[in-house]
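Chemist: I'd like to go over a predicted model; first the sequence, then the structure.
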Amino acid sequence: MVWALTATISVGPVLAETGASPAISPANDKGGVAQILGLGGAGPEFLHPDVAFVLSVEQVPGKVVASWRIAEHYYLYRERIAIEVVGPDVRATGALHLPAGQPKEDAYLGRTEVYYDQAWAELPIQRSADGPGQLTLRVRYQGCADAGLCYPPITKTLELPFPKSSP
């Protein structure tokens, strides 16, 4: 099963609205996001983070796979991706697996790895013996636009059914 997400993001009261315009610019910024992000005055428009980094999650036997479709000229930091199992019904049975990213020299992080176009992460999971079958995940990630805007870290908490037939 694949779940496409339209959850809110936890990056502060102004950015938490998912009904925002698909682009952030001084002209269409009714919530003050451009001012908070230092985009005052004329300049490039930046995509809302839910448009720049489209997250989907798939639960397959023995693991959960998160994938991102990343807009052109945007990227995600490899080291800023994390998935945590929350609650007693399901537990992680190993470390998060991420493929190698593209090397990048970052002004703040130094030498790092990033993903352009798409990214994915796999977490091995197992159902608890007595659990009713609810999978709750906390997914964290952070990305930037090549034009110079870095978004605050994004956290999404997702609740997904976890069938009893899954390991």
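Modeler: On my side now, so go ahead. Numbers count the residues shown, from 1 in each chain.
Chemist: Okay, now the unreliable bits of the chain?
Modeler: When residues are selected by pLDDT under 70, those of the chain lie in 1-43, 129-132, 163-167.
Chemist: thought residue 120 was touching residue 69?
Modeler: No - the criterion here is C-beta atoms under 8 Å, and residue 120 misses it with residue 69 at 10.3 Å. Just so you know, the C-beta spots here come from the backbone N, C-alpha and C atoms, and that holds for glycine as well.
Chemist: bridging residues for residue 118?
Modeler: Listed by DSSP bridges, the beta-bridge partners for residue 118 are residue 69.
Chemist: got a list of what it touches?
Modeler: For residue 118, the contacting residues are 67-70, by C-beta atoms under 8 Å, 6 or more residues apart in numbering.
Chemist: and these as CSV, adding neighbour count?
Modeler: Converted to CSV, the contacts of residue 118 look like this (neighbours: other C-beta atoms under 10 Å):
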residue, neighbour count
67, 15
68, 22
69, 14
70, 18
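Chemist: Check these and tell me the two furthest apart.
Modeler: Farthest pair in the contacts of residue 118 (C-beta to C-beta) is 67 and 70. Separation: 10.0 Å.
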